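In: Provided below are the primary sequence and the corresponding predicted coordinates.
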Amino acid sequence: MNEECAKIEAILFACGEPVRFEKLADFLKISKKETEDEIGKLKSFYRDNKTGLQILTKVNTIQLVSDARFGEEIAKFLDKRINEPLTKAAMEVLSVIAYRGPITRLQIEHIRGVNCSFMIRNLAIRGLIERGEIPISSRSYQYQVSYDFLKSMGFEEIAQLPDYELLSKTELQIKEDRNEEGSNK
């Protein structure tokens, strides 16, 4: 495997979700055609070496996924994990999404200070969060809690979360509130 293929593989692994060909080409500073050629080499590598991974492409996007041959084993493993209690880290990510959503992965990571891709993926698999496109940007996604989350918590709406009004405020809103309090004195 050459250096460009290795870079693409690392990026796809870290993202854990579909990536647009154009975005990958722009980032790597190579043409779309070169990107497609490298992806073809990566697909061949996985197929020829019978690894547990494969590359899927769909309408100008690419994703690194587990090989369909292992679908049954993966489903059993994930079902076991889905039924386990959430970890403290997963609860933190879910709380950030619940109180600040819709929110991007980068915003979540800014708040927590660590990479959250794995936790976001696990919460999505459990059906607790939903991913949506950002209307003004095709470069990233935003996350919010799902109806299943609300149903499991026994809430009719997100505003019923404890201290929602206070905790859902952004830093800018908090600063504005403080400025208003200061000017009223």
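Out: Sure, I can see it. Numbering: from 1, shown residues only.
In: what's the first helix or strand after the longest helix along the chain?
Out: With secondary structure taken from DSSP state H, the chain has its longest helix at helix 32-48. Note on helix 32-48: by DSSP states H and E, the next helix or strand toward the C-terminus is strand 53-58.
In: residue boundaries of the strands in this structure?
Out: Secondary structure of the chain (DSSP state E): strands at 19-20, 53-58, 61-66, 103-104, 129-134, 137-145.
In: which neighbouring elements make contact with the longest helix of the chain?
Out: Contact partners of helix 32-48 among helices and strands, from 3 or more C-beta pairs under 8 Å, 6 or more residues apart in numbering; DSSP states H and E: helix 3-15, helix 21-28, strand 53-58. (C-beta placed from N, C-alpha, C; glycine too.)
In: now mean pLDDT, mean neighbour count and distance to residue 46 too, for the ones you listed, in TSV please.
Out: TSV is the format used below for these (pLDDT from 0 to 100; neighbours: other C-beta atoms under 10 Å; distance: least, C-beta to C-beta, whole Å):
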stretch	mean pLDDT	mean neighbour count	distance to residue 46
helix 3-15	90	16	9
helix 21-28	90	16	17
strand 53-58	84	14	5
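In: which one of those lies nearest to residue 41?
Out: Distance to residue 41, taken as C-beta to C-beta, is lowest for helix 3-15 among those, at 5.3 Å.
In: hmm, back to that, so which bits of the longest helix of the chain are buried?
Out: Neighbour counts using 16 or more other C-beta atoms under 10 Å place 35, 38-39, 42-43, 45-46 of helix 32-48 among the buried residues.
In: if we can go back for a sec, looking at the helices and strands packed on helix 32-48, which is closest to residue 112?
Out: Across those, residue 112 has its closest neighbour in helix 3-15 (16.4 Å, C-beta to C-beta).
In: was I right to think residue 107 contacts residue 100?
Out: Yes - the criterion here is C-beta atoms under 8 Å, and residue 107 meets it with residue 100 at 7.2 Å.
In: any idea how the chain splits into domains?
Out: Domain assignment of the chain by automatic domain parsing yields the ranges 3-69, 85-183.
In: would you turn these into JSON lines with distance to residue 78?
Out: Output for the domains of the chain, formatted as JSON lines (distance: least, C-beta to C-beta, whole Å):
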{"stretch": "domain 3-69", "distance to residue 78": "10"}
{"stretch": "domain 85-183", "distance to residue 78": "6"}
